[in-house]
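Chemist: can't give you the sequence, but here's the structure:
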């Protein structure tokens, strides 16, 4: 089975004061058709930059400095702007954190939907309006036909994010890049939007790259998780097993630092220090200065990816040679 | 409510309303009416010295308005706030309010917005000490600033730097050092870790707990994050549309919530330790505080609502260590609920 999206050895550099800083460092992962991959990490880990690179929306001073991005077996990182624009919105759609930045404040919801639909699909105006109304009904907007005439500011944050989902699904994309789609919303609305996203993807077999900082969101919707740290992937694996028993010391530390509703009065685990910034890269494993179990080689040799159970882990502790010797 | 002997802060029938009316001209021309935002309605609670009281709720429920009222930034429309037995609305002059202000400090959500970018960290932290006339400029003050920086886990040399030279977590440490500078009894923490990454959040929450143990501090914690509240709070109040629907012992409320809103809110929190669990959902959205529903404000979204709920506002009722404002609780119509931990493991509602 070939992957729908395949990112191979992606490298993104950001030029600053004549120097190239590495924001994404040799990142490889795949998303199968219909699969929801959660990409999780803290601020500055490079998760949004990765999503932006897949969408072909990297802007100066950031640029792709290496690697390949394949969509449905076809290389897309070398496409010209027109070809990429035809792909975006049709085959690959995007959902961002703030619905107000995705929606045009001066256009009605109906105009925005029909514009997107008619750009990518061969429909006449009446058919496009029909499709737009059906989409609004599907994302749970009451009185969809009347709502087509509404402007974004006339709706609540949750309703706007529903419109953004309708827009993303309007041309039946095969992949959606969702960057913190529920971060600006309250928990009850977040749950509604995540349920909706999952249901619509399952129904249509749409794959999702879900970028988030929230392990709770990952637990709700993702089939697999990719954990990023300092521009690198440190661990990729199935959601349930990764959340229950993370293999990488960073993932473990991250999980232990999340307060638990059901276990009060325990000291939260702290990861000492902070993530290295791209202008001060760390040799070897990027996590070694903060790692409680760092080995000597971690400071000098970058760990390759080892297979541990169903997960892929970039950590010397997972090295089968070292483990059998120990 | 009457203040017990170790009650530090007592909030009594606090009401805050905002006028959101169209302009007079518009009202005259179009016949539009005056409109009032009911931000906080008759809220009552007490905070015990040395404890943490948390207010939770979704955006617009009025929790930050209460924090601002207690901090003296927002005058109340009705009711009172008394701190150490003194009604804060009674202060006629800035001078009279000074001892109160020294004892009450605030930490805000956004450490990028709450620190003056043009001041060095040393000056930011020294300001409250100088404002309250606790010390004069000099070596002793510099030493005090260095000691405060050390207390929050920063280096004494950081006093010479500017806020932009620090990360978000470090800036929140600076905010905490500033809040501690005047040796307050009480700190209002409005979403102190909402802008931070989880690993940094853990550092700040641990620091806040350690400071509370060492200094006997009292916290009012405003948060939308129930896991943070579970970790920090001794007592908590759950707010919905300007009212407290349930308050009391945090352990009891989290383990055995009674109000249907509290129950649904707890069910809705995504739990990284219980992937894809099946559970009830909170349907609909919070109604506008411009026109709150009649009766119980939660009744349009409540699975247990009946005709009485739509008509009559429920009054707080004591159940063990909590106060609950709900007719279903009063009438014994509340379904039993499996304990929280079992609930998480019950069903793995997968890929449906």
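Modeler: Alright, I've got the coordinates. This one's a predicted model, so the numbers in the text were calculated from it and none came from an experiment.
Chemist: number of nearby residues for the closest residue to chain A within chain B?
Modeler: At 3.0 Å from chain A, residue B:270 is the closest residue in chain B, using Cβ to the nearest Cβ. Backbone N, C-alpha and C define where each C-beta goes, glycine included. Residue B:270 has 22 neighbouring residues, counting by other Cβ atoms under 10 Å in any protein chain shown.
Chemist: Now do the SS call for it.
Modeler: Counting by DSSP: H, G, I helix; E, B strand; the rest coil, the backbone at residue B:270 sits in coil.
Chemist: In space, what's closest to it - neighbours in sequence excluded?
Modeler: residue A:216 (3.0 Å; Cβ to Cβ, 6 or more residues apart in numbering or on different chains).
Chemist: Secondary structure class of that neighbour, three-state.
Modeler: Per three-state DSSP, residue A:216 ends up helix.
Chemist: For residue B:254, give me its contacts.
Modeler: Contacts for residue B:254 (Cβ atoms under 8 Å, 6 or more residues apart in numbering or on different chains) come out as A:261, A:262, A:264, B:226, B:230, B:236, B:266, B:340.
Chemist: Among the residues you listed, which are located in strands?
Modeler: residue B:236 (DSSP state E).
Chemist: From the contacts of residue B:254, which shows the smallest pLDDT?
Modeler: Taken together, those show their lowest pLDDT at residue B:340, with 52.
Chemist: Quick check: residue B:61 touching residue B:239?
Modeler: Yes. Counting by Cβ atoms under 8 Å, residue B:61 does reach residue B:239; the two are 4.2 Å apart.
Chemist: Those two: which has the busier surroundings?
Modeler: residue B:61 (27 against 24).
Chemist: Show me the contact partners of the helix or strand that residue B:214 is a member of.
Modeler: Assigned by DSSP states H and E, residue B:214 falls within helix B:198-215. When contacts are defined by Cβ under 8 Å, 6+ apart, helix B:198-215 is touched by residues A:42, A:213, A:215, A:253-254, A:257-259, A:267-271, A:274, B:50, B:52, B:151-153, B:167-169, B:172-173, B:176, B:180, B:189, B:192-193, B:196, B:217, B:219, B:228, B:231-232.
Chemist: For the stretch 101-250 of chain B, just list every one of the strands.
Modeler: In the stretch 101-250 of chain B, the segments counted as strands under DSSP state E, counting those that start in this stretch are B:104-107, B:186-190, B:218-223, B:235-240, B:243-249.
Chemist: Quick one, which of those gets closest to residue A:3.
Modeler: Closest to residue A:3 of the strands of the stretch 101-250 of chain B is strand B:218-223 (Cβ to Cβ; 40.3 Å).
Chemist: okay, the angle between that closest one and strand B:235-240?
Modeler: With axes from the mean of the first three to the mean of the last three Cα atoms, to 10 degrees as the basis, strand B:218-223 and strand B:235-240 are set at 30 degrees to each other.
Chemist: Do strand B:218-223 and chain A come into contact?
Modeler: No. Remark: strand B:218-223 sits outside contact range of chain A, by Cβ under 8 Å from any Cβ of the partner chain, the gap being at least 10.5 Å.
Chemist: Report all helices and strands that that strand contacts.
Modeler: For strand B:218-223, the elements it packs on are strand B:7-19, strand B:36-48, strand B:52-56, helix B:63-70, strand B:186-190, helix B:226-232, judged by 3 or more Cβ pairs under 8 Å, 6 or more residues apart in numbering or on different chains; DSSP states H and E.
Chemist: rewinding a little: switch the strands of the stretch 101-250 of chain B over to a markdown table, and while doing so, append distance to residue A:289 to every line.
Modeler: A markdown table is the format used below for these (distance: least, Cβ to Cβ, whole Å):
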| stretch | distance to residue A:289 |
| --- | --- |
| strand B:104-107 | 29 |
| strand B:186-190 | 30 |
| strand B:218-223 | 31 |
| strand B:235-240 | 38 |
| strand B:243-249 | 42 |
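Chemist: picking up where we left off before, return the set of buried residues in the helix holding residue B:214.
Modeler: Of the residues in helix B:198-215, those with enough neighbours to count as buried (16 or more other Cβ atoms under 10 Å in any protein chain shown) are B:198-209, B:211-212.
Chemist: Also stretch B:243-252?
Modeler: B:243, B:244, B:245, B:246, B:247, B:248, B:250, B:251, B:252.
Chemist: now stretch A:93-105
Modeler: By neighbour count, with 16+ other Cβ under 10 Å as the criterion, the buried positions of stretch A:93-105 are A:93, A:94, A:95, A:96, A:97, A:98, A:99, A:100, A:102, A:103.
Chemist: which stretch of helix or strand covers the closest residue to residue B:91 other than its chain neighbours?
Modeler: Spatial nearest neighbour of residue B:91, excluding adjacent residues (Cβ to Cβ, 6+ apart): residue B:97 at 4.0 Å. Applying DSSP H and E as the criterion places residue B:97 in helix B:94-103.
Chemist: What residues are bridge-paired with the spatially most central residue of chain B?
Modeler: Geometric centre of chain B, nearest residue: residue B:222, 1.9 Å, by Cα atoms, centre = their mean. Beta bridges link residue B:222 to residue B:55, residue B:190 when assigned by DSSP bridges.
Chemist: Next one: it from residue B:298, what distance?
Modeler: As judged by Cβ to Cβ, to the nearest Å, residue B:222 and residue B:298 stand 20 Å apart.
Chemist: and if you look at residue B:233?
Modeler: Residue B:233 is 22 Å from residue B:298, by Cβ to Cβ.
Chemist: Can you name the residues of the stretch 101-250 of chain A that neighbour chain B?
Modeler: A:156, A:158-159, A:186-192, A:194-195, A:202, A:213-221, A:223, A:239-240, A:243.
Chemist: In ChimeraX, how would I select just the buried ones from those residues?
Modeler: Buried members of those can be picked out in ChimeraX with the line below, counting by 16+ other Cβ under 10 Å:
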select /A:158,159,186,187,188,189,190,191,192,194,213,214,215,216,217,218,219,220,221,223,239,240,243
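Chemist: So which of the residues of the stretch 101-250 of chain A next to chain B sit within helices?
Modeler: Cross-referencing these against helices under DSSP state H gives A:158-159, A:187-192, A:194-195, A:202, A:215-221, A:239-240, A:243.
Chemist: Residue A:261 is in contact with residue B:266, correct?
Modeler: Yes. Residue B:266 is within contact range of residue A:261, at 7.2 Å (criterion: Cβ under 8 Å).
Chemist: tally of neighbours for residue A:54?
Modeler: 22.
Chemist: so where is chain A shaky, pLDDT-wise?
Modeler: A:1, A:323-326 (pLDDT under 70).
Chemist: For chain B, what is the nearest residue in it?
Modeler: Going by Cβ to the nearest Cβ, chain B is nearest to residue A:216 of chain A, at 3.0 Å.
Chemist: excluding its backbone neighbours, what's nearest residue A:88?
Modeler: residue A:55 (6.2 Å).
Chemist: make that residue B:184, sorry
Modeler: Distances taken as Cβ to Cβ, 6+ apart place residue B:105 nearest to residue B:184, at 4.4 Å, with adjacent residues excluded.
Chemist: for the one you found, which residues make a bridge with it?
Modeler: residue B:187.
Chemist: Tally up the residues packed near the nearest residue to residue A:87 once chain neighbours are set aside, please.
Modeler: Leaving aside its chain neighbours, residue A:87 sits nearest to residue A:76 (6.5 Å; criterion: Cβ to Cβ, 6+ apart). A total of 20 residues lie near residue A:76 under the criterion other Cβ under 10 Å.
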